[in-house]
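**Student:** Give me the fold of what follows.
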Amino acid sequence: MVEQRNNRRPLVASADPALAAIAAVRIARNQRARLYRKLDVEHSAGHISAETDAEVMGSCSAYSAALRRTVRTVPSTKEGMQAWLALVWAPGTWEGAIPEEEVRPILATVRAYHMREAAHA
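**Tutor:** Purely as a prediction, here's the structure:
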């Protein structure tokens, strides 16, 4: 999977597991947004189907799971770490404050990246 970033060279997700994980978060976020739009249309029409409700709940769970996997994925490149930090701290990623249970894994991932970089310095 290749992702273009700000008209610079493409980032190849397979080169860094964090980039692949971030791509999965973006896909899950887009799917969730699409289903929220569908939910809004049904709500405006006066009826939300059980199928749409279930799809939205599933997409929310998929987004949360992708985000949890990404938080625990240690980047292997400087570009991956920059993208990882941008995602983790981006407004809207957590839709409010970072959940307490995710703070320790976030710090563990940053530490693991730092320790690996220090070992290669």
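
**Student:** C-alpha only now, for contacts and for neighbours.
**Tutor:** Noted.

**Student:** Run through the residues that contact residue 72.
**Tutor:** Residue 72 makes contacts with 105-106, 108-109, as judged by C-alpha atoms under 8 Å, 6 or more residues apart in numbering.

**Student:** Distance of it relative to residue 81?
**Tutor:** Distance, residue 72 to residue 81, using C-alpha to C-alpha, to the nearest Å: 12 Å.

**Student:** For the residue in the chain sticking out farthest from the centre, grab phi and psi.
**Tutor:** Within the chain, the residue lying farthest from the chain centre (C-alpha atoms, centre = their mean) is residue 46, at 32.3 Å. Backbone torsions for residue 46, taken as degrees, to the nearest 10, come to phi 100, psi 0.

**Student:** now it: how far from residue 40?
**Tutor:** 10 Å.

**Student:** next one: residue 106
**Tutor:** For residue 106 relative to residue 40 (C-alpha to C-alpha), the value is 33 Å.

**Student:** okay, these two: which has more neighbours?
**Tutor:** Each of residue 106 and residue 40 has its neighbours counted (other C-alpha atoms under 10 Å); residue 106 has more, 20 against 14.

**Student:** Let me know whether that one touches residue 73 as I believe.
**Tutor:** No: using C-alpha atoms under 8 Å, residue 106 is not in contact with residue 73; the gap is 9.3 Å.

**Student:** any idea of the pLDDT on residue 7?
**Tutor:** For residue 7, the pLDDT comes out at 50.

**Student:** cool, and residue 111?
**Tutor:** 95.

**Student:** and it, what element?
**Tutor:** helix 100-120 (DSSP states H and E).

**Student:** chain center to that helix, what's the gap?
**Tutor:** 17 Å (C-alpha atoms, centre = their mean, to the nearest Å).

**Student:** Can you give me the buried ones in that helix?
**Tutor:** 105-106, 109-110, 112-113 (16 or more other C-alpha atoms under 10 Å).

**Student:** what are the ranges of the strands in this structure?
**Tutor:** 2-3, 11-12 (DSSP state E).

**Student:** just the CA coordinates of stretch 68-83, formatted as PDB?
**Tutor:** Provided in PDB are the C-alpha atoms of stretch 68-83 (Å, rounded to 0.1, in the frame of the first residue of the first chain):
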ATOM      1  CA  ARG A  68      -5.400   0.100  19.500                       C
ATOM      2  CA  ARG A  69      -3.200  -2.000  17.200                       C
ATOM      3  CA  THR A  70      -1.500   1.100  15.800                       C
ATOM      4  CA  VAL A  71      -0.700   2.500  19.300                       C
ATOM      5  CA  ARG A  72       1.100  -0.800  20.000                       C
ATOM      6  CA  THR A  73       3.000  -0.900  16.700                       C
ATOM      7  CA  VAL A  74       6.500   0.300  17.100                       C
ATOM      8  CA  PRO A  75       7.600   2.300  14.000                       C
ATOM      9  CA  SER A  76      10.800   1.100  12.300                       C
ATOM     10  CA  THR A  77      11.700   4.300  10.500                       C
ATOM     11  CA  LYS A  78      11.900   8.000  11.400                       C
ATOM     12  CA  GLU A  79       9.000   8.700   8.900                       C
ATOM     13  CA  GLY A  80       6.900   6.000  10.600                       C
ATOM     14  CA  MET A  81       7.500   7.500  14.000                       C
ATOM     15  CA  GLN A  82       6.600  11.000  12.700                       C
ATOM     16  CA  ALA A  83       3.400   9.600  11.200                       C
END
